[in-house]
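> here you go, sequence then predicted model.
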Amino acid sequence: MDSQKEALQRIISTLANKNDEIQNFIDTLSQTLKGVQENSSNVLSELDEEFDSLYSILDEVKESMINSIKQEQARKSQELQSQLSQCNNALENSEELLEFATRSLDIKEPEEFSKAARQIKDRVTMASAFRLSLKPKVSDNMTHLMVDFSQERQMLQTLKFLPVPKAPEIDPVECLVADNSVTVAWRMPEEDNKIDHFILEHRKTNFDGLPRVKDERCWEIIDNIKGTEYTLSGLKFDSKYMNFRVRACNKAVAGEYSDPVTLETKALNFSLDNSSSHLNLRVEDTCVEWDPTGGKGQENKMKGKENKGSVHVTSLKKHTRSGTPSPKRTSIGSRPPAVRGSRDRFTGESYTVLGQLSFYDASSKQLLYSFKTKFTQPVLPGFMVWCGGLSLNTGMQVPSAVRTLQKSENGMTGSASSLNNVTQ
């Protein structure tokens, strides 16, 4: 019966996970469909703008060429009209002189004839008809203003959409998550020497697998990345995972996004144990308070045992420190066994909050060992309230209070090595 129930529970869990995965995919498809409609409208609008710009340029060029033709026509017409008027005047004068010369042939008187002949000779010498050029100053040829747009038509016929870079491929094996930093590496499916830069987008999430469309943070953008690797440093790993995607850009457009990759950031989740904290510390679900009156009773500690759970510490309230003396440190060998929750278990001004101590394999997430006891030596990790701040000690650096305690009780000149041995 129990085994069947467990099997059914596993089936239910599997179905629930699959339904959640399908729902997320449906949300993704719906968002993609909406994006297709919006982006199609945008590119159609941009296409109209581009062609309107081309039409405008063509209209301007056409108008300029029409003006050039009209100006050339006016110039040639003016030249020919001027030359034509001169010729008409010359012809009229020449015809009049011809008529006069013809009449002079009938003159019988020698003196009158000689006089007429001299006049005709002088008039002929001065006649414009003999100084007039009988060659047109301009021709009627207008071929220098003709056009041939055959090459331009061929170029226009080759108009096409911009070449878009292919989607990069993020290599999870080459990605590294360590020391509050994430290094993301990617590569192009094929060489593209027209790529100018890359755009990396990332966001935090608590869901494994494909990015969730709903209930997610916005993508944060890092632009103008020249290489195929980028390191985000100074991160706060307050979520379980981070999503990453990258796209390539040439001088004109950005390409498709890569397939998103989800990397585990191993967020630090911890709990504060109200039942084991110092009497002058008030530990609640989301904060730690310094209580100068030391008024926290054992009933609160018992209540803390019942309600203890994993939470994120989101705030730390600071009160004015009172003149209450700090707990006195006594020799471990001489002091009586410490009662749970009493002051004797703390040293100096080390107002410390402890949880049950558990060790996990960070990669496989398997519990290695967990124990709950009264420690006779300092054990890390621990959470210490000091000067209004809450600090986490993980074994990387030994607090001064612990170093002093170990020196006096163990006669050691340094405690880093023993402490590392304890926390490994």
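Noted; the coordinates are in hand.
> switch to C-alpha atoms for all contacts and neighbour counts from now on
Noted.
> how close does E201 get to T231?
When distances are taken as Cα to Cα, to the nearest Å, E201 and T231 turn out to be 12 Å apart.
> may I have the phi/psi pair for Y241?
When quoted as degrees, to the nearest 10, the phi and psi of Y241 stand at phi -140, psi 170.
> find the nearest non-adjacent residue to it, please.
Among residues not flanking Y241 along the chain, E264 sits closest, at 4.3 Å (Cα to Cα, 6 or more residues apart in numbering).
> show me what contacts the one you found?
With contact set as Cα atoms under 8 Å, 6 or more residues apart in numbering, E264 has these partners: 177, 240-242.
> for the one helix or strand I57 maps to, which helices and strands make contact with it?
Using DSSP states H and E, I57 maps to helix 2-104. Helix 2-104 is packed against helix 110-126, with contacts defined by 3 or more Cα pairs under 8 Å, 6 or more residues apart in numbering; DSSP states H and E.
> what angle sits between the helix it packs on and helix 2-104?
Between the direction of helix 110-126 and that of helix 2-104, the angle (axes from the mean of the first three to the mean of the last three Cα atoms, to 10 degrees) works out to 170 degrees.
> could you point out which element follows helix 110-126?
Stepping forward along the backbone from helix 110-126, the first helix or strand reached (DSSP H and E) is helix 150-157.
> report the rounded mean pLDDT for that next one.
Averaging pLDDT along helix 150-157 gives 89.
> just stretch 68-80 next, same as before
Taken as a whole, stretch 68-80 has an average pLDDT of 94.
> got a list of contacts for that stretch?
Judged by Cα under 8 Å, 6+ apart, the contacts made with stretch 68-80 from elsewhere in the structure are 136-140, 145.
> closest one of the residues you listed to M155?
Sorting those by how near they are to M155, with Cα to Cα, puts L145 at the top with 21.9 Å.
> once you drop chain neighbours, what's closest to that closest one?
When the adjacent residues along the chain are set aside, L145 lies closest to I69, with 6.6 Å between them (Cα to Cα, 6+ apart).
> okay, now that neighbour: neighbour count?
Number of residues near I69 (other Cα atoms under 10 Å) recorded here: 16.
> any idea of the pLDDT on the residue lying closest to L281 once chain neighbours are set aside?
On the basis of Cα to Cα, 6+ apart, the spatially nearest residue to L281 that is not a chain neighbour turns out to be W290, at 4.9 Å. Each residue has a pLDDT score; the one for W290 is 71.
> same question, S114
88.
> also C175?
The pLDDT attached to C175 in the predicted structure is 93.
> so where's the stretch 151-300 of the chain uncertain?
Under the criterion of pLDDT under 70, the regions of the stretch 151-300 of the chain flagged as low confidence span 215-216, 267-273, 276, 285-288, 294-300.
> repeat the analysis, applying 80 as the threshold.
Under the criterion of pLDDT under 80, the regions of the stretch 151-300 of the chain flagged as low confidence span 162, 179, 209-217, 266-300.
> now do the strands in it.
In order along the chain, the stretch 151-300 of the chain carries the following strands (DSSP state E, counting those that start in this stretch): 169-170, 176-178, 181-187, 197-205, 220-225, 229-232, 241-249, 254-257, 261-264, 281-283, 287-290.
> counting contacts, what elements does the shortest one pack onto?
Going back to what we said before, that points to strand 169-170. With contacts defined as 3+ Cα pairs under 8 Å, 6+ apart, strand 169-170 has these neighbours: strand 181-187.
> number of nearby residues for N67?
12.
> kindly apply the preceding question to Q83 instead.
Counted with other Cα under 10 Å, Q83 comes out at 18.
> can you name the residues that contact it?
Contacts were defined as Cα under 8 Å, 6+ apart; by that measure Q83 touches 136-137.
> for the remainder of this discussion, apply numbering that starts at 27.
All right, first residue 27 from here; so that's Q109.
> that one and S103, how far apart?
Using Cα to Cα, we find Q109 at a distance of 10 Å from S103.
> check E217 too.
The value you get for E217 to S103, if Cα to Cα is used, is 63 Å.
> neighbour-wise, which of the two wins?
Regarding E217 and S103, a neighbour count based on other Cα under 10 Å identifies S103 as having more, with 15 against 9.
> relative to E122, how far out is the more buried one?
For S103, the distance to E122 under the criterion Cα to Cα works out to 29 Å.
> also G260?
The span separating G260 from E122 equals 108 Å under the rule Cα to Cα.
> before we move on, what about S265?
With distances taken as Cα to Cα, S265 is found 113 Å from E122.
> ok, L158 - contacts?
Listed by Cα under 8 Å, 6+ apart, the contact set of L158 reads 113, 116.
> check it and give its pLDDT.
In this prediction L158 is given a pLDDT of 83.
> same question, the one 10 residues further on
According to the model's per-residue confidence, M168 sits at a pLDDT of 91.
> what about it, how many neighbours?
10.
> look up how far I38 lies from it.
Using Cα to Cα, one obtains 88 Å as the distance from M168 to I38.
> swap in D28?
D28 is 15 Å from I38, by Cα to Cα.
> looking at those two, which is more packed in?
For D28 and I38, the more surrounded residue by other Cα under 10 Å is I38, and the numbers stand at 12 against 7.
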